[in-house]
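Colleague: Have a look; sequence and predicted model below, questions after that.
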Amino acid sequence: MKNETVMEAVTTEAIGLAANTDHGTSGSRPQVHADTKATADTRTQGEKKRARSHSDDKRFKIFSGSANRVLSQEICKHIGIALGETKMQRFADGEVYFQLLENVRGADVFVVQPTCNPVDQHLVELLIMIDALKRASAGRITVVVPYYGYARQDRKDRPRVAISSKLIADLLTTAGANRALFMDLHAAQIQGFFNIPVDHMFASPVMVSYFRELNLPNLVVVSPDAGGVERARFFATKMGAPLAIVDKRRTDLNVTEVMNVIGDVQGRTCLIIDDIVDTAGTLVKTVDALLGQGATKVYACASHPVLSGPAVERIANSRLEELVVTDSIPLCEAAQKVVKIKVRSVAGLLAATIESIHMETSVSSLFN
């Protein structure tokens, strides 16, 4: 219930920062325009004042790995501080060399690094960065992982398999992380694998804002599997739309078979809600199943555009109208050329959360 409360009431400012969207005003109501401008001016002054305050705070530092440096820079831009200076190189055999180029003794440090493809390389980078910060006597180390790799292996669903998401939690904690910030974990219970404080944020407010602007007619929200029903139900509630569920069976890794569509999609616009798009096989099959049941158009949104293997080609050639993703993972060059794939930024949302953690204020209060 606490997670749903956090998702439910995001402020206009947080959504605006996260989406990086410019909203124009109409000239037919001058007073409204003036009020809007005054509000914007007040907000801008507040942001400048906050930025000056943080820029003078020598104990507030943000560092970035190589996985998504652009996102890290955007986060720093929203907060109003410079990205920490580091040196990261690789030896001839591929080993990571990392050095901090500024003093962090006693500082409140945030390390931004999604563990996206190549997952193992970016994970090792993150562990080495944490170790360097610990040995440099950082006061507190918070790992900011917009995309948590190995999250799909969160339980023993077959004999003699590893629970890799628990292993990653242990590695981050053992390396020296004091706190963790994640976004849209594949399974919320992964928070319980950590013995340190965890803040779990959601990209849903950014997505809800975008699809409200589209004003899709006769909308029905679709969960692509039973595990995503809670996420889709929240979306459906905020959009004022009914919910449908796709019953699928996983026959192998990255291979699924769509069995049934539960719910009425006849003559409706469908919006598929998921957390990850990997090979896009399930997504394309779900689109075909919905259209086969009489849906008029199908849209989709996902927090993490993993887009492995044939994913980009499948999406480009599918009957999907649009796939909306966040910048938790940088899009590959091929995906950037596909007009169906739209990106919404979560930099502002993460920046507001990082700022709240640093100032020791309630993260939940950001959304009231």
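Modeller: Done, it's in.

Colleague: how much space between Asn260 and Ala289?
Modeller: 8 Å (C-beta to C-beta, to the nearest Å). To be clear about C-beta, it is placed using only N, CA and C from the backbone, and glycine gets the same treatment.

Colleague: more crowded one of these two?
Modeller: Taking neighbours as other C-beta atoms under 10 Å, Asn260 and Ala289 compare with Ala289 leading, 22 against 11.

Colleague: Do you know the pLDDT at the more buried one?
Modeller: Looking at Ala289, its pLDDT stands at 91.

Colleague: What of the one 10 residues further on?
Modeller: What the model reports as pLDDT for Tyr299 is 98.

Colleague: From here on, call the first residue 2.
Modeller: Sure, I'll start counting at 2 from here, so that last one is Tyr300.

Colleague: isn't it right next to Cys271, touching?
Modeller: Yes: counting by C-beta atoms under 8 Å, Tyr300 touches Cys271, with 7.1 Å between them.

Colleague: what is in contact with Asn261 and Ala290 at once?
Modeller: Here Asn261 and Ala290 share the contacting residues Val247, scored by C-beta atoms under 8 Å, 6 or more residues apart in numbering.

Colleague: shouldn't Asn118 be in contact with Val307?
Modeller: Yes: using C-beta under 8 Å, Asn118 is in contact with Val307, at 6.9 Å.

Colleague: Those two: who's more crowded?
Modeller: Val307 (20 against 17).

Colleague: can you pull the contacts of the closest residue to the more buried one other than its chain neighbours?
Modeller: Counting by C-beta to C-beta, 6 or more residues apart in numbering, Val307 lies nearest to Asp279, which is 4.6 Å off, once chain neighbours are set aside. Asp279 makes contact with 255, 307-309, 312, according to C-beta under 8 Å, 6+ apart.

Colleague: May I ask which two of the residues you listed are separated the most?
Modeller: Across those, no pair lies farther apart than Asn255 and Leu308, at 12.4 Å, counting by C-beta to C-beta.

Colleague: So Lys59 versus Gln154, what's the distance?
Modeller: In terms of C-beta to C-beta, Lys59 sits 40 Å off from Gln154.

Colleague: Compare the two (neighbour count), which wins?
Modeller: When Lys59 and Gln154 are compared for neighbours, Gln154 comes out ahead with 18 against 11, by other C-beta under 10 Å.

Colleague: For the more buried one, which three-state class applies?
Modeller: Look at Gln154: counting by DSSP: H, G, I helix; E, B strand; the rest coil, its state is coil.

Colleague: pLDDT at it, what is it?
Modeller: At Gln154, pLDDT is 89.

Colleague: Surely it touches His187?
Modeller: No: applying C-beta under 8 Å as the test, Gln154 and His187 come out as separate, 9.3 Å apart.

Colleague: Show me whatever sits in contact with both of the two.
Modeller: Ser166.

Colleague: about what we covered before: filter the contacts of Asp279 to the buried ones?
Modeller: Taking 16 or more other C-beta atoms under 10 Å as the criterion, what is buried in the contacts of Asp279 is 307-308, 312.

Colleague: Show me where this protein dips below the pLDDT cut-off.
Modeller: Where the chain drops to pLDDT under 70, the residues are 2-54, 56, 251-260, 366-369.

Colleague: which stretches of it form strands?
Modeller: 61-65, 87-91, 97-101, 109-113, 141-146, 180-184, 199-202, 220-224, 244-253, 256-263, 270-278, 298-306, 323-327, 342-345 (DSSP state E).

Colleague: Which one of those strands lies nearest to Arg234?
Modeller: strand 244-253 (5.8 Å).

Colleague: In that closest one, which residues are buried?
Modeller: Here strand 244-253 shows 244-247, 249 as buried, counting by 16+ other C-beta under 10 Å.

Colleague: Output those as TSV; include the columns distance to Glu323.
Modeller: Output for these, formatted as TSV (distance: C-beta to C-beta, whole Å):
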residue	distance to Glu323
Leu244	20
Ala245	18
Ile246	21
Val247	18
Lys249	22
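
Colleague: now, among the residues you listed, which is nearest to Ala68?
Modeller: Lys249 (29.9 Å).
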